[in-house]
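In: Take a look and give me a structure for this.
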Amino acid sequence: MTMNTIAFNTLTGAVTEYTGFGFQSITPTHAGSVTGLFTLGGDTDAGQPIVAQVTTGKQLWGGSLKKTAQMVYFSLKGEGTSTLTVTGEEDSYSYQFPVRPTGESRCKPGQGIRENYLAFGYSNTDGAHFQLDRIEVLVAESKTRRV
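Out: Presented below is the predicted three-dimensional model:
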């Protein structure tokens, strides 16, 4: 049996969900399962890179006219390649982009996404270290399309 863990940051209101843990009990430093006691921490998970995913909630972007995400900006410290995920009502689209050493990176989503409710996600490719401070989305509104 796997366990999902939900953590709530009382200072920022952020909610984090950790999925796929086969633990029966957990503390800040250790976790236990039927196979033994495990120390939490480190840069890998059983030798595999730790891939993190951050996703905003879906939100209505303005009025009822359809929207297109023109560009997504990340205030981000890290290196390597990362992935932007744009999620609409039914479909998700992923785009890889390089993390820039300046602390500001950007990714251009596909032009065919036309939605009102959108969520945006970030993932570190191959478990690269990162610090994500902000996701900023430049949205353009259709002139006539609502449905």
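
In: so which strand or helix has the residue nearest the centre of the chain?
Out: With distances taken as Cα atoms, centre = their mean, V54 lies nearest the centre of the chain, 2.1 Å away. Per DSSP states H and E, V54 falls inside strand 53-55.

In: just to revisit the earlier point, tell me, what's the model's pLDDT at the residue nearest to the centre of the chain?
Out: Here the pLDDT value assigned to V54 is 88.

In: isn't it right up against L132?
Out: Yes: with contact defined as Cβ atoms under 8 Å, V54 reaches L132; the gap is 6.1 Å. For every residue, glycine as well, the C-beta is placed using N, CA and C.

In: any residues in contact with both of those two?
Out: Residues touching both V54 and L132 by Cβ atoms under 8 Å, 6 or more residues apart in numbering: Y122.

In: circling back: backbone dihedrals for the residue lying closest to the residue nearest to the centre of the chain once chain neighbours are set aside, both of them.
Out: Leaving out its chain neighbours, the residue that sits closest to V54 by Cβ to Cβ, 6 or more residues apart in numbering is Y122, at 4.7 Å. Recorded main-chain torsions at Y122 are phi -130, psi 140, according to degrees, to the nearest 10.

In: measure Y122 to Q70 for me?
Out: Distance of Y122 to Q70, given as Cβ to Cβ, to the nearest Å: 18 Å.
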